[in-house]
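Student: could you look at this predicted model? Sequence included:
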Amino acid sequence: DIYGILSQISLMGSNIQHTARVVDLLWTSKRNYLLLIDMSLRVMLLMLYCTNYWTGLFGQNIRSGVEDNEALFWGTTMFSAVWTFGAYAVVCKMFLARGLSLSWHKRV
């Protein structure tokens, strides 16, 4: 009778260890998922900062003759817009390729 109780206690301890391992694996996978999203968003923000830096340099209050060139102004504007939307498209494509869904997109 005592051996039966000891074996049940041992079995319960083993089940607890296995459950702890499964929970640890689930937490690890969720952490990796969140790190992947975090790094992707950081890349996207870095691309946005590049356009912010470029337009800031272009729009400084220094007379250089560049501000009189309308083609350069529109070129900078278009480049910044294309770069921004391109960064968004790259991050979305990367998310979808890895099977991650963005909260503002509904997957069908």
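Tutor: That came through fine.
Student: residue 28 in helix, strand or coil?
Tutor: Classification of residue 28 by DSSP: H, G, I helix; E, B strand; the rest coil places it in helix.
Student: any idea how many residues pack against it?
Tutor: Residue crowding around residue 28 was assessed by other C-beta atoms under 10 Å; the count is 10. Glycine gets a C-beta too; all of them are placed from N, C-alpha and C.
Student: for the host helix or strand of residue 76, which residues meet the burial criterion?
Tutor: Assigned by DSSP states H and E, residue 76 belongs to helix 70-97. By 16 or more other C-beta atoms under 10 Å, the buried positions in helix 70-97 come out as 76, 80, 84, 87, 91, 95.
Student: what about it, average pLDDT?
Tutor: For helix 70-97, mean pLDDT rounds to 83.
Student: likewise for stretch 21-34?
Tutor: On average, stretch 21-34 scores 87.
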